[in-house]
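1. Build the 3D model from these lines:
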Amino acid sequence: MAKAGIVARVRRRFRITTRRRAGARYAPDLVQRSFIAERPHAVWTSDITYIWTAEGWLYLAVVLDLYTRLIVGWATSDRIDASLVCRAVNSALVRYRPTMKVILHSDRGSQYTSEVLRVLLATKQHLPLVASHGASCYDNAITESFFHTLKTEWVFFENYQTREDGHRSLFDYIEVFYNRQRLHSSLDYRTPGEVESGFQLKQ
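-> Residues are numbered from 1 along each chain as shown. The predicted model follows:
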């Protein structure tokens, strides 16, 4: 790296946005930090992060498939609430319509233990989604890793004037670059899209 003049991009400190709801009912942690899946749509992990714009914070919720590392669903909002999570989860369900059991793994933030999300999952009984809540950020390290990658590779080098600018930029990163072009060492230097396509060809 030194000979080639390559230096690491500067890391920034992250703030914790998780707020637990008093009296919330938690689902058992079905993942237990075992970030391995045997097929696509066996385990989805989800979390929320924040991105600064000149209009104020833009909040991003994503749903990540553990097997392919594909972002299968996402949504943005000017509010960090349960409806943001519901839109991200619903986008994944509409897009992929899994027929086998899917574990939806997240932290114990109020958005993920909300009655709104509970009702959404209850109305999707034909899509077998099972909630799983980890107790700490380390229990959802895969999604945290994606957010770190997103920010250090993309967001920190942008200057968003509006939330709409931020949303369009996130679309370019997630849908155009990350899902379809970015190579992952954990995927034997393939893209999430290639892993998804390769699994489908085996079936």
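
2. Pull out the C-alpha coordinates of the lowest-mean-pLDDT helix or strand in the chain and format them as PDB.
-> Of all helical and strand segments in the chain, the minimum by mean pLDDT, DSSP states H and E falls on helix 115-123, at a mean of 83. What follows is helix 115-123, C-alpha atoms only, in PDB (Å, rounded to 0.1, in the frame of the first residue of the first chain):
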ATOM      1  CA  GLU A 115     -46.900  -3.100  17.500                       C
ATOM      2  CA  VAL A 116     -46.900  -1.600  14.000                       C
ATOM      3  CA  LEU A 117     -44.300  -4.100  12.800                       C
ATOM      4  CA  ARG A 118     -45.900  -6.900  14.800                       C
ATOM      5  CA  VAL A 119     -49.200  -6.200  12.900                       C
ATOM      6  CA  LEU A 120     -47.400  -6.200   9.600                       C
ATOM      7  CA  LEU A 121     -45.800  -9.600  10.200                       C
ATOM      8  CA  ALA A 122     -49.200 -10.900  11.400                       C
ATOM      9  CA  THR A 123     -50.900  -9.800   8.100                       C
END
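
3. dump the residue contacts of Leu187.
-> Residues counted as contacts of Leu187 (CB atoms under 8 Å, 6 or more residues apart in numbering) are 68-69, 194-195. No exception for glycine: its C-beta is placed from N, CA and C like everyone else's.

4. Between which two of those residues is the distance greatest?
-> Arg69 and Glu194 (10.7 Å; CB to CB).

5. For this structure, which segments are assigned as helices?
-> Assigned by DSSP state H, the helices in the chain fall at 82-96, 115-123, 141-153, 163-171, 192-202.

6. Let's see if you can find the most crowded of the contacts of Leu187.
-> Greatest neighbour count in the contacts of Leu187, by other CB atoms under 10 Å, goes to Thr68: 25 neighbours.

7. Next one, pLDDT for that one please.
-> Here, the pLDDT recorded for Thr68 equals 97.

8. Quick check: it touching Glu196?
-> Yes: between Thr68 and Glu196 a contact is recorded at 4.7 Å, counting by CB atoms under 8 Å.

9. picking up where we left off before, name the residues that touch the least confident helix or strand of the chain?
-> Residues outside helix 115-123 that contact it (CB under 8 Å, 6+ apart): 82-83, 85-86, 89-90, 104, 111, 129, 131.

10. Ranking by neighbours, what's the top pick from those residues?
-> Val85 (29 neighbours).

11. residues in contact with Ser132?
-> Contact analysis of Ser132 by CB under 8 Å, 6+ apart lists 27-31, 103-106.

12. Identify, from these, the entry nearest to Trp154.
-> Using CB to CB, those come closest to Trp154 at Ser106, 23.0 Å.

13. Tally up the residues packed near the closest one, please.
-> For Ser106, using other CB under 10 Å, the count is 28.

14. And for Ser34?
-> 9.

15. Make 45 the starting number, not 1.
-> Happy to do that; since the first residue is 45 now, the last one works out to Ser78.

16. Lovely, talk soon.
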